[in-house]
Structure formats: structure tokens, C-alpha cells
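Trainee: task: produce atomic coordinates for the following.
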Amino acid sequence: MNDAGLARGPGGPRGLGSPSRGPRGLEWVASVEASAVVSEAMIGARAMAVGLVEARGTGIVSAPVPKKLLLMAGIDDCCTSVRGYTATLGNFTKATFDAISKTYSYLTPHLWKETVFTKSPYQEFTDHLVKTQAEPL
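Mentor: Okay, here's the model as predicted:
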């Protein structure tokens with residue numbers, strides 16, 4: 001099958017979303033949904049892509065090296081998806097580490113700072129603005 005056949009449909013290849021220009025050239029942006037791809041990291045010259053998928057209740061479903069990294073990161077339930085050449089262990093480890101770090105850099109609403117709202121000057125000084133004093137000129 002040629003590339004044109006893969007790119008058909010709203011999701012593009014593998015339903016990853018729309019192409020966008022990124023720091024490494026043209027990249028596919030993953031759409032974030034519940035129980036969908038949490039993170040995807042590209043490493044090297046497009047040699048490998050590691051995807052971390054939320055898999056509740058399954059434990060860690062992965063090769064031995066990413067499994068050790070995920071355990072060290074404190075992730076209990078995760079399924080990894082790897083595309084590319086995984087024979088070089090250093091690149092495989094680095095791609096997994098990058099995927100984990102990108103996952104931790106995503107802030108969910110419960111991690112947001114509490115917003116402290118202050119009154120605008122018009123609300124704060126309404127009493128002073130209401131007073132109408134006739135000052136002599």
C-alpha cells in the first residue's frame with residue numbers, strides 16, 4: 001500500500017491527528033482523550049517512536065528495559081507501543097525516558113495553581129467613587 005492510502009481519513013496515518021510543524025520537522029500530533037495515547041516521543045532521525053497508553057488494571061505491558069524505567073518513574077499501569085528500530089538499547093531507553101518526561105510535563109487541572117482573584121480598582125474603591133463632593137474651584 002502506498003502513502004496516499006495511509007493518509008486517507010480525518011485522522012491521517014494510525015489516527016494520530018493532524019500534521020503540524022514542530023521542532024523536528026513535520027510531526028503528527030496525537031489527540032488526547034481518556035484512555036488514549038498519553039505521550040509520544042520521537043528520538044533520533046525518525047528511527048523510533050515510543051507511545052505510552054493508559055491501561056488500567058493490566059500492570060506494565062512492555063519490554064524489559066522500558067518496564068524498569070516505568071517502574072522507577074512510579075507508573076503502575078501502562079502499555080507501551082513502539083514503532084521503529086529497537087535493537088539499539090541506548091536509543092530505546094532514551095526514547096522511553098523522553099516519553100515519560102513528556103507525560104510528566106503535561107499538567108492536568110488538579111495540578112494547576114489556585115487562582116487568587118483580586119478586585120479591580122473600580123470595585124475596590126466604589127465607596128470613594130460614589131461620594132459626590134462639591135469642591136470649590
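Trainee: and the next element down the chain from the longest helix seen in the chain?
Mentor: Of all segments of type helix in the chain, defined using DSSP state H, the longest is helix 89-105. Later in the chain than helix 89-105, the nearest helix or strand by DSSP states H and E is helix 121-124.
Trainee: may I have that following helix exported as CSV, CA atoms only?
Mentor: Extracted in CSV, the C-alpha atoms of helix 121-124 (Å, rounded to 0.1, in the frame of the first residue of the first chain):
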residue,chain,number,x,y,z
PRO,A,121,-9.8,49.3,41.2
TYR,A,122,-13.4,50.2,40.3
GLN,A,123,-14.7,47.5,42.6
GLU,A,124,-12.2,48.2,45.4
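Trainee: what lies in contact with it?
Mentor: The contact list for helix 121-124 (CB atoms under 8 Å, 6 or more residues apart in numbering) reads L129. Placement of C-beta: from N, CA and C, glycine included.
Trainee: tell me which residues in the longest helix of the chain are buried?
Mentor: In terms of neighbour count (16 or more other CB atoms under 10 Å), helix 89-105 has its buried residues at N91, F92, T93, K94, A95, T96, F97, D98, A99, I100, T103.
Trainee: need the residues you listed in CSV with distance to R83 and pLDDT, can you?
Mentor: Putting the buried residues of helix 89-105 into CSV (distance: CB to CB, whole Å; pLDDT from 0 to 100) gives the following:
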residue, distance to R83, pLDDT
N91, 13, 85
F92, 12, 87
T93, 16, 89
K94, 15, 87
A95, 10, 87
T96, 13, 88
F97, 17, 88
D98, 14, 86
A99, 12, 86
I100, 17, 86
T103, 17, 80
